[in-house]
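Peer 1: Just a sequence and a predicted model for now, questions to come.
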Amino acid sequence: MSERLPPAYTEYHPRWLRPRMSTYWWLHRRSYLTFVLRELSSVFVAWFVVYVLLLVRAVSRGEASYQQFLAWSRSPLVLLLNLVGLLFVVFHAVTWFNLAPQAMVVRVLGRRVPGRWITASNYLAWALVSALTAWLLLGG
Amino acid sequence: MADRITLQVARYRPEEESSVTYQEYEVPCPKDWVVLDGLNFVKDQLDGTLSYRWSCRMGICGSCGMTVNGEPKLTCATFLADYAPGPVRVEPLRNFPVIRDLVVEIGDFVRKLTRVKPWVIRAEEKPLSEGEYRQTPQEMDEYKQFSMCINCMLCYAACPIYGLDPKFIGPAAIALAQRYNLDTRDQGAPERLEILSEHEGGWGCTFVGECSVVCPKDVDPAGAIQRYKLSAALESLKAFVMPRGSR
Amino acid sequence: MAKRPIEPLLWMLFSAGGVVAALLIPVLGLLFGLAFPLGWLSPPGHEHLLGMLRHPVTRVAAFVFCVLSLFHGAHRFRYTLYDGLQVKHLDELINLLCYGGAIAGSVWAGYLLWWVP
């Protein structure tokens, strides 16, 4: 069944097997897939910065330009991009806040703050900042 | 519930073949048997040529790490009954070269562990007459979790960054460096910084988090690494703002 | 002493950017990306937005938001590419593209926010 392979190894150093990592390693486990999706959210973070800057530019150029921007934001392609982007960015936010307690140890008066509180305060901050921003933008 | 289960075991015999083959063995499956018991049954009764590592069979030596149904596990802590009706696929630990069957080459990890100097480093040793180094329970709590590491390397098998770039120093090594950095008796943090600040040191980690998920001792290496990054970043800020001369 | 002293700085920008992006982009994206175009809410008037943008606090906050978010995205994307491609000689090109892009975006942000009429 098996012929002895020519000794490209010594008695004390057998031929080690080094399996290659597949190009699609990130599909092999659910946790790897969610990791890669989380990392790809970086693209949409950059996109939204560009989008906001385009808005700033439009507002600076006057009423007509601003209306043009709003019309452009209604086009199907832009809507789709923003919908997908929003999903990715929310995914980034959720994973970020959930991982925060693992990344830092907070001590108050010598006692360690439980991780749940750090996560909860992150979400609270998120809600407050979002509410404040919306209120400012909607003419509050 | 069946009282026998099939193990699909990866075989690699370098003197005969150049790739992995799978061999099936049927082993008993009492409810308190672990995968290691199954492998020992194979070795004792079915096929004495099977090679694998094990020692304490109680989850403290870190020798028996293997890939069971795709997951890095300690085979002494993984119950066969949980996989009924089977089959159970047993492969060597991922991301390490395979020497034979289920035995992997761990030299890379051992060398990295040595490089982070996992021992208490003192600028000056206290003379014996001054007595012992004292530590409060709170001070021990700072690093205790990271001292639980049994060097089983399941975290290296789970880490895709290590799989992609074997030069990455890896979860356990950084966690153990952090264990000593946080120890009040230790003064070696600057020495460890040399190796940890390389690109394949702490900064290579992208917080996938799988290492902490598979750790059988709840060491949470991912948390240790992120905390290390924060402390290293603050150190570099301090060094920038207060150059060494004026400190 | 420490090798590659720029890494901790880039990581800090990444972290700060991650927080800022997580806090602000969802609401901005929801409003200007979906709610206003789809008519769920009526968009703010031009005068109101211009008034907001003129305020120095808004300008500074918007600038900080843009710079940090861009560096967050650049840093993360760099590692995504680096781990995906892992070719040493492309490493410099990847760094140039990612951080260069972030710097270019920051300059553009600064320019736009400075010249709000």
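Peer 2: Good, I have the coordinates. Numbering: from 1, shown residues only, chains lettered A, B, ... in the order given.
Peer 1: just how off-centre is the lengthiest helix in chain B within its chain?
Peer 2: Counting residues, the longest helix in chain B under DSSP state H turns out to be helix B:221-241. Between the centre of helix B:221-241 and the centre of its chain there are 22 Å (Cα atoms, centre = their mean, to the nearest Å).
Peer 1: Close to chain A: what parts of chain B are there?
Peer 2: B:12-20, B:70, B:94-95, B:97-100, B:105, B:138, B:160, B:163-164, B:206-210, B:212-213, B:220, B:222-223, B:226-227, B:230 (Cβ under 8 Å from any Cβ of the partner chain). C-beta: built from backbone N, CA, C; applies to glycine.
Peer 1: same thing but at 7 Å, please
Peer 2: Applying Cβ under 7 Å from any Cβ of the partner chain, one finds that chain B approaches chain A through B:12, B:14-18, B:20, B:97-100, B:105, B:160, B:163-164, B:207-208, B:210, B:213, B:220, B:222-223, B:226-227, B:230.
Peer 1: With adjacent residues omitted, what lies nearest to residue A:68?
Peer 2: Nearest residue to residue A:68 in three dimensions, chain neighbours excluded: residue A:58, at 6.7 Å (Cβ to Cβ, 6 or more residues apart in numbering or on different chains).
Peer 1: count of residues packed around that neighbour?
Peer 2: If you count neighbours by other Cβ atoms under 10 Å in any protein chain shown, residue A:58 ends up with 21.
Peer 1: same thing with residue A:135?
Peer 2: By other Cβ under 10 Å, 10 other residues sit near residue A:135.
Peer 1: For the strand or helix carrying it, name the packing helices and strands.
Peer 2: Assigning secondary structure by DSSP states H and E places residue A:135 in helix A:115-137. If contacts are counted by 3 or more Cβ pairs under 7 Å, 6 or more residues apart in numbering or on different chains; DSSP states H and E, helix A:115-137 sits against helix A:76-103, helix C:6-28.
Peer 1: residue ranges with poor pLDDT in chain B?
Peer 2: B:1-2, B:243-247 (pLDDT under 70).
Peer 1: Tell me which stretches of it form helices.
Peer 2: Using DSSP H, helices in chain B cover B:35-41, B:107-115, B:137-144, B:154-158, B:160-164, B:171-181, B:189-196, B:210-214, B:221-241.
Peer 1: follow-up on the earlier one: mind listing what's buried in the longest helix of chain B?
Peer 2: Using 16 or more other Cβ atoms under 10 Å in any protein chain shown as the test for burial, helix B:221-241 gives B:221-233, B:235-236.
Peer 1: same deal with stretch A:103-121?
Peer 2: Of the residues in stretch A:103-121, A:103, A:115, A:118, A:119 count as buried by neighbour count, 16+ other Cβ under 10 Å.
Peer 1: One more: stretch C:20-39?
Peer 2: C:20-37.
Peer 1: Say whether chain A is contacted by that stretch.
Peer 2: Yes - with Cβ under 7 Å from any Cβ as the criterion, chain A is reached by stretch C:20-39 at C:21-34, C:36-37.
Peer 1: Please save the CA atoms from that stretch in PDB.
Peer 2: What follows is stretch C:20-39, C-alpha atoms only, in PDB (Å, rounded to 0.1, in the frame of the first residue of the first chain):
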ATOM      1  CA  VAL C  20     -17.100  58.800  18.000                       C
ATOM      2  CA  ALA C  21     -18.300  56.800  14.900                       C
ATOM      3  CA  ALA C  22     -20.400  54.500  17.000                       C
ATOM      4  CA  LEU C  23     -22.100  57.400  18.800                       C
ATOM      5  CA  LEU C  24     -22.700  59.800  15.900                       C
ATOM      6  CA  ILE C  25     -22.900  58.000  12.600                       C
ATOM      7  CA  PRO C  26     -26.000  55.900  13.300                       C
ATOM      8  CA  VAL C  27     -28.200  58.900  14.000                       C
ATOM      9  CA  LEU C  28     -26.700  61.000  11.200                       C
ATOM     10  CA  GLY C  29     -27.000  58.100   8.800                       C
ATOM     11  CA  LEU C  30     -30.600  57.400   9.900                       C
ATOM     12  CA  LEU C  31     -31.700  61.000   9.500                       C
ATOM     13  CA  PHE C  32     -29.800  62.100   6.400                       C
ATOM     14  CA  GLY C  33     -29.600  58.700   4.800                       C
ATOM     15  CA  LEU C  34     -33.000  57.300   5.200                       C
ATOM     16  CA  ALA C  35     -35.500  59.500   7.200                       C
ATOM     17  CA  PHE C  36     -35.300  62.700   5.200                       C
ATOM     18  CA  PRO C  37     -35.000  61.200   1.700                       C
ATOM     19  CA  LEU C  38     -37.800  58.700   2.400                       C
ATOM     20  CA  GLY C  39     -40.000  61.400   3.900                       C
END
